[in-house]
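> Okay, here's the prediction I keep looking at, along with the sequence it came from:
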Amino acid sequence: MLYIQNKERTMIPGKHTAFCLFAVCCIAISLSGRRLHAQRTAAGWTPELMIQYKRVGETAISPDGVLIAYTVSQPVMEGEQSAFCTHIWVVSADGSMNYQFTYGDKSCTNPAFSPDGRYLAFLSARGKDGKSQVWLMRMTGGDAEQLTAAETGVNEYKWSPDGSRIAYSMNDPDTGEEKKAKEEKRDMRVLDRNLKYSHLYTVSMGQCPDGKKTPRLNRGVRRLTSGAYHITAFDWSPDGRTIAFSHQPTPSPDDWLATDISSAPSDSGAVRLLVSWKGADKSPVYSPDGKWLAFVSDGGEPNWALLSDVYIMPAAGGEPRRLAMTPDRSFTYYGSFIGWSSAGDELYVQESSGTYWRIFAVPVDGGPVRLLSTEAATCTGVSVGRNSAVMAFVLQTSDTPPDIYVAGTKSFRPKKLTEINAQFPKLPMGKTEIITWKSRDGLEIEGLLTYPVGYEKGRKYPLILNVHGGPHSFFRQTFTAESSVYPIQAFAQEGYAVLRPNPRGSSGYGKDFRYANMNDWGFGDYDDLMAGVDEVIQRGIVHPDSLCVTGWSYGGYMTSFIVTKTKRFKAASMGAGLSNLMSFTATTDIPGFIPNYFGGEYWDHLDAYMKHSANFQVKGVSTPTIILHGEEDKRVPLSQGLEFYHALKRQGCPTEMVIYPRSPHGLQEPKFIEDAGRRTLDWFDGQLGRGK
């Protein structure tokens with residue numbers, strides 16, 4: 001069937017005119033692909049090429065499992081523009097139909113089908129107010145309708161079970177006095193005062209008379225909650241009468257370890273506290289029959305090393321029961337709590353497992369956890385049909401780009417539905433493999449080694465040691481030609497081997513391994529990293545005099561710490577790294593983070609904080625180091641990079657610092673991401689004397 005675009009660019013069946021438009025589009029796409037291929041093939045992988053690859057995000061499966069909505073992000077980098085524009089596509093579960101659903105210069109995200117499958121809702125700032133609002137589109141075509149007019153924008157939304165309402169969360173708006181103070185430039189702020197909490201609202205779908213424009217806008221809005229608590233996640237009961245939600249004391253990201261669960265009537269009424277254990281109790285989800293409420297909890301052991309188990313309790317309240325523990329017990333941060341099976345007999349989670357993200361089923365009867373995704377691949381963006389035993393997800397490997405797949409939840413055999421990056425050239429890639437080695441104390445460490453493009457056995461290559469963030473993150477097998485501040489295939493194209501270890505403290509290897517670097521940053525993990533470097537040298541792959549090191553966040557911390565402990569590296573690139581644990585704790589938006597890892601506040605553990613801070617070991621550092629940092633980074637403030645930069649500069653150590661305006665902890669603008677990769681590569685080439 002041929003398709004053309006209607007007024008709102010929804011894909012609808014066309015007639016003869018469609019062929020001409022379709023042919024023109026095909027020719028344009030073909031010519032664009034040929035130009036891209038001609039421009040880039042000769043050069044191979046570069047940061048400039050890799051930034052153009054399409055990113056694939058979340059999925060949403062229709063209740064009957066027939067359609068899957070998913071998001072695709074592309075960079076917009078012409079002239080003054082530098083952003084990723086995200087739009088929604090829809091593919092059928094049999095792969096026979098795949099089309100773009102939303103268009104425009106404003107991103108559309110968070111797709112969700114209505115319970116009857118007739119509508120697709122999404123979030124977008126395409127309206128006049130420029131705020132994130134809920135929009136609706138019929139699956140049969142038509143104009144997009146704005147449903148909400150939330151004053152500060154919608155954080156999260158969910159359909160009611162009967163499709164008559166949508167619940168959403170919104171941060172409290174400024175009061176009239178606060179608005180006036182801003183206008184009069186009297187808007188001084190007192191820290192931890194006048195906090196803007198997120199609260200619950202519902203809006204009615206109502207009837208949509210034919211021929212009217214956006215007739216549902218903000219119809220029947222009702223506020224459900226208020227008070228000094230911040231709602232983080234919520235779910236409707238199947239009968240639509242109650243909404244359960246998790247909430248923390250304040251909007252501060254540091255308060256996530258004090259999350260509780262409550263419920264409220266969906267037509268307003270008294271809030272009822274359901275779970276108030278010490279620690280993080282969150283992400284409540286009702287069972288399909290409404291009898292049970294599942295949630296995620298650390299069981300009263302709050303810790304930044306991320307402990308997660310699944311619990312269920314009677315929906316009306318009662319004693320929670322922990323289900324079987326997943327292998328890593330860490331699915332709430334580097335993974336997700338997906339929800340119930342359609343039959344209500346299992347709960348699904350996605351968590352780290354070695355160098356993969358995998359999907360696990362947790363039986364409600366307390367039986368052992370079942371591994372669903374057994375493939376040597378990474379699964380993300382998972383969604384499950386409410387009325388079907390079908391699951392949609394994004395699947396990728398180190399060598400294959402991400403695409404949309406579907407599989408049964410009982411017989412998990414992934415079926416590929418898309419070829420999202422089919423237009424890009426198929427260039428030779430540096431092979432990636434899993435390697436293991438023993439650390440100094442005998443602990444086994446795993447990592448990913450990417451060989452140079454065109455690797456020749458017996459020849460020794462320069463090495464880039466890439467350290468991940470977290471420290472509870474992990475390197476997983478995702479497409480190595482995806483855009484990143486550390487573009488792996490661009491490094492491999494330039495003749496570098498790239499080692500990405502998962503040292504102690506990483507997710508994917510169980511609780512004990514993840515907790516193994518508590519009070520030990522820069523020591524046991526340093527030994528793990530150096531043993532990995534020694535391993536690839538001993539294998540004859542890497543030249544010992546051509547070593548480089550880089551990393552972002554905790555990886556930036558380790559980069560700064562490494563150059564204070566050894567001179568074996570010829571160049572370093574420190575990305576958004578913390579170099580002084582004391583000043584970091586005093587300026588970050590998560591001041592409880594380091595005290596949790598080091599057993600208390602710095603004024604009580606001064607020696608430990610100094611021992612594990614690069615800035616207190618910086619004397620004599622001579623490794624040429626470039627420092628990259630976002631100017632608006634609240635997680636690892638800019639001052640952390642500046643402290644290390646000035647310490648190096650004042651000693652005469654070769655150094656540069658690049659500050660990215662507007663940027664938070666992770667670079668978001670594609671021009672900056674491309675620049676960071678290029679700068680790191682050029683810095684390493686320059687310090688190793690590798691001429692072009």
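Great, that's in hand. Residues are numbered from 1 along each chain as shown.

> can I see the domain layout of this structure?
1-42, 432-688 (automatic domain parsing).

> Give me whichever of the ones you listed is most buried.
Most buried of the domains of the chain, by mean neighbour count (mean count of other CB atoms under 10 Å): domain 432-688, with a mean of 20. Just so you know, the C-beta spots here come from the backbone N, C-alpha and C atoms, and that holds for glycine as well.

> related to what we said a few turns ago, Gly142: which of the domains of the chain is closest?
Closest approach to Gly142 among the domains of the chain is made by domain 1-42 (6.4 Å; CB to CB).

> that older thread, would you format the domains of the chain as JSON lines with distance to Leu120 and mean pLDDT included?
Output for the domains of the chain, formatted as JSON lines (distance: least, CB to CB, whole Å; pLDDT from 0 to 100):
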{"stretch": "domain 1-42", "distance to Leu120": "10", "mean pLDDT": "33"}
{"stretch": "domain 432-688", "distance to Leu120": "26", "mean pLDDT": "97"}
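
> Where do the strands of the stretch 551-692 of the chain begin and end?
Using DSSP state E, counting those that start in this stretch, the strands assigned to the stretch 551-692 of the chain run over residues 571-575, 625-630, 655-660.

> List the neighbours of the shortest one that are in contact with it.
Okay, so that is strand 571-575. Strand 571-575 is touched from outside by 485, 548-553, 555-556, 559-560, 562-563, 623-629, 641, 644, 676, 679-680, 683-684, 686-688, with contacts defined as CB atoms under 8 Å, 6 or more residues apart in numbering.

> Distance from the chain centre to it, please.
23 Å (CA atoms, centre = their mean, to the nearest Å).

> That strand pairs with which strands, parallel or anti?
Strand 571-575 pairs in its sheet with strand 542-552 (parallel), strand 625-630 (parallel), by DSSP bridges.

> quick one: it to strand 655-660, angle?
Strand 571-575 and strand 655-660 are oriented at 30 degrees to each other (axes from the mean of the first three to the mean of the last three CA atoms, to 10 degrees).

> In CSV, list the domains of the chain along with distance to Gly176.
Converted to CSV, the domains of the chain look like this (distance: least, CB to CB, whole Å):
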stretch, distance to Gly176
domain 1-42, 36
domain 432-688, 28
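
> give me every residue that touches the nearest residue to Asn580 once chain neighbours are set aside.
Excluding the flanking residues, the one nearest Asn580 by CB to CB, 6 or more residues apart in numbering is Asn615, at 4.3 Å. Asn615 sits next to Ser560, Ser579, Asn580, Glu643, Phe644, Ala647 when contact means CB under 8 Å, 6+ apart.

> related to what we said a few turns ago, Ala233 is nearest to which of the strands of the stretch 551-692 of the chain?
Nearest to Ala233, of those and by CB to CB, is strand 625-630 at 27.1 Å.

> Helix, strand, or coil at the closest residue to Arg440 other than its chain neighbours?
Spatial nearest neighbour of Arg440, chain neighbours left out: Asp527 (4.2 Å); criterion: CB to CB, 6+ apart. The local conformation at Asp527, judged by DSSP: H, G, I helix; E, B strand; the rest coil, is helix.

> any idea how far Asp527 lies from Thr566?
As judged by CB to CB, to the nearest Å, Asp527 and Thr566 stand 11 Å apart.
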